[in-house]
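S.K.: coords please:
(2 chains)
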Amino acid sequence: DAKTTQPNSMESNEEEPVHLPCNHSTISGTDYIHWYRQLPSQGPEYVIHGLTSNVNNRMASLAIAEDRKSSTLILHRATLRDAAVYYCILNTGGFKTIFGAGTRLFVKA
Amino acid sequence: EAQVTQNPRYLITVTGKKLTVTCSQNMNHEYMSWYRQDPGLGLRQIYYSMNVEVTDKGDVPEGYKVSRKEKRNFPLILESPSPNQTSLYFCASSLGRAGETQYFGPGTRLLVL
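M.R.: Numbers count the residues shown, from 1 in each chain, chains lettered A, B, ... in the order given. Predicted structure coming up:
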């Protein structure tokens, strides 16, 4: 099963952009890259996903490397409400899902 | 409102006393899954179901059972709970196709004494 590797934690200042990296060197051609985040005392919530091309939505942007072995979640302007654990996972048809430890994002006011 | 619901949200029980945690979704999703979350170990998949009557093991299925008799419900059964099953449990659902988002329930915090 393909796995992902993320830094344990990152810090950002409020109102500044944040780039959260994820390595997935064993990704297969059919794996989608999904990002979820988990706020304190809540279940994970969807942030963004992509297959090959970069993606933008109202929450974030996803930049995918050309070889697909890594990706970066970009929060354009971090707010205190963005402080959470961010998970990068690979998904093929919604079957077996492996979450890594995620990156805990600290946002400083 | 589209949602995944879990009951109970909090449960304290004793070793060996059978319990069931219910999960229900109102989005007509084919795929449902159970995870447990423990400090330092992140989310680990227990069981998942691709459709009614179709289930398979995740990474940590020992000590758990599931059933999928209806599309909307996916209960998690602990036949003989033990203290090492004390954890935070999440149910999730999705359309199941490649690239589809998983929607998570609010979680059930279980303490087994």
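
S.K.: identify the residue nearest residue B:41 in space, chain neighbours excluded?
M.R.: Nearest residue to residue B:41, sequence neighbours excluded (CB to CB, 6 or more residues apart in numbering or on different chains): residue A:101, at 7.9 Å. C-beta coordinates here come from the backbone N, C-alpha and C atoms, glycine included.

S.K.: ok, that neighbour to residue B:108 distance?
M.R.: Distance, residue A:101 to residue B:108, using CB to CB, to the nearest Å: 22 Å.

S.K.: ok, now residue B:94?
M.R.: Taking CB to CB as the measure, residue B:94 falls 19 Å from residue B:108.

S.K.: now do residue A:19
M.R.: Residue A:19 is 34 Å from residue B:108, by CB to CB.

S.K.: more crowded one of the two?
M.R.: Ranked by neighbour count (other CB atoms under 10 Å in any protein chain shown), residue A:19 and residue B:108 place residue B:108 first, with 22 against 12.

S.K.: contacting residues for the more buried one?
M.R.: Taking CB atoms under 8 Å, 6 or more residues apart in numbering or on different chains, we find residue B:108 in contact with B:6, B:7, B:8, B:9, B:10, B:11, B:21, B:88, B:89, B:90.

S.K.: give me the pLDDT value at it.
M.R.: With respect to pLDDT, residue B:108 scores 98.

S.K.: who's in contact with the strand ranked longest in chain B?
M.R.: Secondary structure assigned by DSSP state E gives strand B:42-51 as the longest strand of chain B. With contact meaning CB under 8 Å, 6+ apart, strand B:42-51 is reached by A:44, A:87, A:94-102, B:30-38, B:55-61, B:64, B:66, B:68, B:71, B:74, B:76, B:89-90, B:96.
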